[in-house]
Structures are given as structure tokens and as C-alpha cells.
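S.K.: Fold the following for me, if possible:
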Amino acid sequence: MNLIDDAISAELKKEFEGLPGDVRLAVFSQALADPGSEQTRRLIEELGSLSPRIRVESYNFVLDKEKVEELGIPRIPAIAVMGAETDYGIRMFGAPGGYEFGTLIDAIALVAQGESGLGETTREGLKGLATSTTIQVFSTPT
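M.R.: Okay, here's the model as predicted:
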């Protein structure tokens with residue numbers, strides 16, 4: 001049984017046809033500790049099947065510790081949205097349902113472009129930061 005219905009799949013296939021670059025989605029789950037994370041893994045694998053530009057890498061949060069540490073994954077379910085060669089640091093935690101699914105699709109499109117979309121003034125301002133900065137965005141379905 002598909003998690004993404006046929007109408008949405010068709011829409012996504014059409015949108016993904018225009019992806020200018022490849023995207024890797026590394027999904028972390030653990031069936032025994034968090035059975036719900038397995039549904040996220042299935043969703044991401046299904047999403048990856050909609051385009052040859054999207055490659056899905058599935059990891060077990062407990063068994064694949066090296067990859068967990070390499071990508072800085074503190075909890076599951078987790079999705080790292082990366083370019084073919086570049087990790088931009090985009091991470092999503094929790095099941096991407098509702099509006100979060102749209103955010104995941106937007107992240108895929110941005111990473112495929114290899115460009116942040118930030119203006120030159122913003123880029124120059126960010127270069128002036130003295131230390132590395134992490135931006136976290138939290139959302140809730142309510």
C-alpha cells in the first residue's frame with residue numbers, strides 16, 4: 001500500500017522532472033525503538049522512487065552509528081536532505097506529514113538547485129559572523 005496517493009505522486013513526478021541537480025535523502029529509523037519511524041522511512045523511499053534525481057539512503061539509527069555521527073543525527077525519525085556531493089546541513093526530525101511534507105518537497109527543490117536563494121546583501125552579512133550558527137525551526141500540526 002502506497003503512502004502517497006496516485007494524484008499526489010503524479011504531481012510530484014511532474015515537479016521533480018524539473019530538478020536541475022541530484023538530491024540524496026538519508027533517512028534514519030529504528031523499527032524496535034520507534035516503530036513510527038519506519039513509516040517515515042517508507043515514505044521517503046516512496047518519494048525517492050518518483051524521480052531518478054532523488055537517491056534514498058536508509059540507515060538504522062542504532063546499527064549505523066558511523067553515519068549517525070557523520071551527519072549529526074541526535075534522534076529519529078530523521079531525514080538529511082543533501083546534494084549529490086554537498087551536505088548543506090538541512091535536517092528534518094519527525095514524520096513529514098501535513099505542511100511539513102510540503103517543506104520537505106521545498107527543501108528537495110532548493111538542494112537540487114545548489115543555491116540558497118539568499119541575496120548578495122544577506123550573503124555578505126553572513127560572512128561577518130564570527131562563529132558557526134545553527135538555525136532550528138520548530139513546527140507543530142496544531
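S.K.: Now do the SS call for E38.
M.R.: helix (DSSP: H, G, I helix; E, B strand; the rest coil).
S.K.: Quick check, it in contact with S29.
M.R.: Yes. Using CB atoms under 8 Å, E38 is in contact with S29, at 5.3 Å. C-beta: built from backbone N, CA, C; applies to glycine.
S.K.: More neighbours: which of these two?
M.R.: Counted by other CB atoms under 10 Å, E38 and S29 do not tie: S29 has more neighbours, with 24 against 16.
S.K.: So what are the sheet partners of the one helix or strand that one maps to and their directions?
M.R.: Element membership for S29, per DSSP states H and E: strand 23-29. Neighbouring strands of strand 23-29 in its sheet, by DSSP bridges, are strand 54-60 (parallel), strand 78-83 (antiparallel).
S.K.: tell me the most buried of those?
M.R.: Mean neighbour count (mean count of other CB atoms under 10 Å) peaks for strand 78-83 among these, with a mean of 22.
S.K.: C-alpha coordinates for that one, CSV please?
M.R.: Extracted in CSV, the C-alpha atoms of strand 78-83 (Å, rounded to 0.1, in the frame of the first residue of the first chain):
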residue,chain,number,x,y,z
ALA,A,78,15.4,12.0,10.8
ILE,A,79,15.9,13.0,7.2
ALA,A,80,19.1,14.6,5.9
VAL,A,81,18.5,16.5,2.7
MET,A,82,21.8,16.7,0.8
GLY,A,83,23.1,17.4,-2.7
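S.K.: No further questions, thank you.
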